[in-house]
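Peer 1: here is my input; please provide its structure:
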Amino acid sequence: MSDAYSTIYRAMDEAEANIVKDVLRANGIPAVVRRNESSMLDGAMVPGQGYWGDVLVPQAEAGHATEVLQSYNKNGETL
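Peer 2: Residues are numbered from 1 along each chain as shown. Presented below is the predicted three-dimensional model:
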């Protein structure tokens, strides 16, 4: 089994990243959040990045994770 992870979602803020992570975990998909920040900015987005952070899943789960998030959006839920 590989330990490699893939970015499945780019979140604009911490709350959005945690919602996505929780949706994936509720569907049995391991997910982690990786923040894109500078310690000098105290949690703010890194200038030029345009997003707060990434939600990552194991590469083997990337397809399933994409389906889960698409289904979540189709059911009227927003991320």
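Peer 1: ok, Lys21 touching Arg34?
Peer 2: No. Lys21 is beyond contact range of Arg34, at 10.6 Å (criterion: CB atoms under 8 Å). The C-beta positions use only the backbone N, C-alpha and C, and glycine is treated the same way.
Peer 1: quickly list what's touching both of the two.
Peer 2: Common neighbours of Lys21 and Arg34, using CB atoms under 8 Å, 6 or more residues apart in numbering, are Val55.
Peer 1: so what sits opposite the most centrally placed residue in the chain in the bridge?
Peer 2: Of all residues in the chain, the one closest to the mean position by CA atoms, centre = their mean is Val55, 2.1 Å from it. Beta-bridge pairing for Val55 (DSSP bridges): Tyr9, Val33.
Peer 1: am I right that it is in contact with Ser6?
Peer 2: No. With contact defined as CB under 8 Å, Val55 does not count as touching Ser6 (10.0 Å).
Peer 1: sketch out the low-pLDDT regions of this protein for me.
Peer 2: Low-confidence segments of the chain (pLDDT under 70): 1-2, 37-49, 77-79.
Peer 1: tell me where it has strands.
Peer 2: 5-11, 32-35, 53-58 (DSSP state E).
Peer 1: now distance to Lys74 too, for those, in JSON lines please.
Peer 2: Listed next are the strands of the chain as JSON lines, based on distance: least, CB to CB, whole Å:
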{"stretch": "strand 5-11", "distance to Lys74": "16"}
{"stretch": "strand 32-35", "distance to Lys74": "24"}
{"stretch": "strand 53-58", "distance to Lys74": "19"}
